[in-house]
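Participant: No sequence on hand, only this structure:
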Ligand SMILES: Nc1ncnc2c1ncn2[C@@H]1O[C@H](COP(=O)(O)OP(=O)(O)OP(=O)(O)O)[C@@H](O)[C@H]1O
Ligand SMILES: [Mg+2]
């Protein structure tokens, strides 16, 4: 089975130390549960309006508003839908409750991968911040909050010629993609998580559609950044 550090969380444990040293917090409230990664705790402490945005988002979601003020349809997914949170640079991934375990596992893997890439890989290989999970008792959906990187342009979009980019850049991105999985797996061998689980199943859905090609975030090595998503 996948790495599930989150399995240690229970209603009696309201925080959890992760293998990367960060602390996740779990809040039980009348309507459900909220899990915040350390990035999520930071985000909420610096953005006091965010709770209000999320509250309005939730009511628009209950009313199934696809183009509301706070809930704005962004991209369809295989087992989920992605919405923008108003004018913020945040996205909310909604998945039906019967796939709840997959959102838990997704948050688990993505938060692990975030630190892994940040600490071990070149700046052109990154993972968007994943802030947390809202699990209401009622309704059909759970919600995962993450940072929006670009307009959803992926490596596959470039390969298929759906965006206008120079052939040099496309071929450089293709060549980076070809070695990316191996690099991430190698980097993971240096982590306490790997030592604990031997072969953590961190890249669960590796494909060109699940790596964003961000041509606006340049760094010293590349005129782009590749962001791993949806693992
Ligand atoms: N953090 C992000 N920033 C920008 N765009 C994103 C981000 N996360 C997802 N997207 C966009 O939304 C699309 C769907 O997201 P995602 O791959 O997470 O959903 P999914 O339901 O798991 O899809 P699938 O099962 O088809 O892979 C992505 O292909 C990408 O275009
Ligand atoms: Mg995907």
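Facilitator: Cool, the structure landed. Quick caveat: nothing in here was measured; it's all calculated off a predicted structure. Ligands and ions are numbered 1, 2, ... in the order given.
Participant: Where does the prediction get shaky in the protein?
Facilitator: Applying pLDDT under 70 to the chain picks out residues 1-13, 98-101, 198-199.
Participant: Now with 80, please.
Facilitator: 1-13, 30, 97-102, 195-201 (pLDDT under 80).
Participant: Spell out which parts of this structure neighbour ligand 2.
Facilitator: Neighbours of ligand 2 within the chain, by CB under 5 Å from the ion: 210, 230. The way it works is simple: take the backbone N, C-alpha and C, and place the C-beta from them, glycine included.
Participant: who in the chain is up against ligand 1?
Facilitator: 75, 77-80, 82, 91, 93, 128, 146-150, 152, 154, 209-210, 212, 229-230 (CB under 6 Å from any ligand atom).
Participant: which among the residues you listed end up buried?
Facilitator: 80, 82, 91, 93, 128, 146-149, 154, 209-210, 212, 229-230 (16 or more other CB atoms under 10 Å).
Participant: closest to ligand 2 among those?
Facilitator: residue 230 (3.6 Å; CB to the ion).
Participant: Contacts only, for the nearest residue to that closest one once chain neighbours are set aside.
Facilitator: Spatial nearest neighbour of residue 230, excluding adjacent residues (CB to CB, 6 or more residues apart in numbering): residue 210 at 4.3 Å. With contacts defined as CB atoms under 8 Å, 6 or more residues apart in numbering, residue 210 is in contact with 154, 228-231.
Participant: measure the residue minimising distance to the centre of the chain to residue 112 for me?
Facilitator: The centroid of the chain falls nearest to residue 130 when counting by CA atoms, centre = their mean (4.4 Å). Taking CB to CB, to the nearest Å as the measure, residue 130 falls 10 Å from residue 112.
Participant: just residue 159 next, same as before
Facilitator: Distance from residue 159 to residue 112, by CB to CB: 27 Å.
Participant: cool, and residue 86?
Facilitator: From residue 86 to residue 112 the distance is 29 Å (CB to CB).
Participant: So between these two, which is more surrounded?
Facilitator: Regarding residue 86 and residue 112, a neighbour count based on other CB atoms under 10 Å identifies residue 112 as having more, with 24 against 17.
Participant: what about that one, distance to ligand 1?
Facilitator: Per CB to the nearest ligand atom, to the nearest Å, residue 112 is found 16 Å from ligand 1.
Participant: If we go by neighbour counts, what in the helix or strand hosting that residue is buried?
Facilitator: Assigned by DSSP states H and E, residue 112 belongs to helix 100-120. Within helix 100-120, the residues that qualify as buried are 102-117, 120, counting by 16+ other CB under 10 Å.
Participant: what do you get for stretch 195-205?
Facilitator: In stretch 195-205, counting by 16+ other CB under 10 Å, buried: 197, 200, 202-203.
Participant: Now secondary structure too, for those, in JSON lines please.
Facilitator: Below are these laid out as JSON lines (DSSP: H, G, I helix; E, B strand; the rest coil):
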{"residue": "197", "secondary structure": "helix"}
{"residue": "200", "secondary structure": "coil"}
{"residue": "202", "secondary structure": "coil"}
{"residue": "203", "secondary structure": "coil"}
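Participant: Please parse this protein into its domains.
Facilitator: 5-147, 155-228 (automatic domain parsing).
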